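Enquirer: need a structure here:
(one chain, ligands or ions: 1)
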Amino acid sequence: MKMKIVMLGPPGSGKGTYASRLTKMLGIPHISTGDMVREEIKAQTEIGKKIKEYNDRGELVPDEIIIKLLAERLKKADAKKGFILDGFPRTLRQAEALEKISEIDLVINLNVPDEIIIQRLSNRLICKRCGAIYNRLTLKPKVNGVCDICGGELYQREDDKPEVIRERLKVYKRSTEPLIEYYRRKGLLRDVYCNDLMTPPEVIVERIMGIINNLKNNEGTNQ
Ligand SMILES: [Zn+2]
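Expert: Predicted structure coming up:
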């Protein structure tokens, strides 16, 4: 059966981590619109150049451009059986546009309290040299301030300061609330809760797999 999944969750909810684990278990691609955009810019395609212009001017990339990229990506053979979409849609308008290019079977809505996200992100450290990610609480480097992999210096991103995170969470909530309602009304939305910073990713992934298997079983008995 097809499994076309949208993952919703605030920045720092672990969405990308869960999606990349689920993609292996389900044998369907993890499609991150953020990664797609970065690849286009790097490859200097026509669309990539256009996106870079918007970025350089500090403007949002128009929905039409992302939808066009996404429509191309979803046509590829590996996405026929399904996919996990990460980073899109973020607004009601985008959800309606997505509906025109693909059906959606399931929307996973990750609920993580703000305080947990702030704790997680404000303790995040990144290697200056290789980009590896650490966490002062949950994923400590062997030597303080030094990357295990390459010996580079670890630093905190400007975006990961508590006051900046709070603002990002506010923006996320404002734009996704109508979207969450929209999918809830359609009966596609399933909530997943993570209320503890120390919950290992496997536990959350297990919960999501439970929801997916339930859905598959129900579909099996309906036919
Ligand atoms: Zn490093």
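Enquirer: so how far is the helix or strand encompassing residue 40 from its chain's centroid?
Expert: Residue 40 is part of helix 33-43 when elements are defined by DSSP states H and E. When C-alpha coordinates are averaged (Cα atoms, centre = their mean, to the nearest Å), helix 33-43 and its chain have centres 15 Å apart.
Enquirer: and it, what does it pack onto?
Expert: helix 46-56, helix 63-75, strand 82-86 (3 or more Cβ pairs under 8 Å, 6 or more residues apart in numbering; DSSP states H and E). (Glycine included, C-beta is placed from N, CA and C.)
Enquirer: show residues contacting the first one.
Expert: Contact with helix 46-56 is made by 37, 39, 40, 41, 42, 60, 61, 62, 65, 68, 69, as judged by Cβ atoms under 8 Å, 6 or more residues apart in numbering.
Enquirer: kindly reformat the residues you listed as JSON lines containing distance to the ion.
Expert: Shown next, in JSON lines, are the contacts of helix 46-56 (distance: Cβ to the ion, whole Å):
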{"residue": "37", "distance to the ion": "24"}
{"residue": "39", "distance to the ion": "22"}
{"residue": "40", "distance to the ion": "26"}
{"residue": "41", "distance to the ion": "23"}
{"residue": "42", "distance to the ion": "20"}
{"residue": "60", "distance to the ion": "31"}
{"residue": "61", "distance to the ion": "30"}
{"residue": "62", "distance to the ion": "36"}
{"residue": "65", "distance to the ion": "33"}
{"residue": "68", "distance to the ion": "36"}
{"residue": "69", "distance to the ion": "30"}
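Enquirer: so which one among the residues you listed has the lowest pLDDT?
Expert: Looking at the contacts of helix 46-56 by pLDDT, the weakest one is residue 60, with 86.
Enquirer: contacts only, for that residue.
Expert: Applying Cβ under 8 Å, 6+ apart, the residues near residue 60 are residue 54.
Enquirer: alright, I will stop here.
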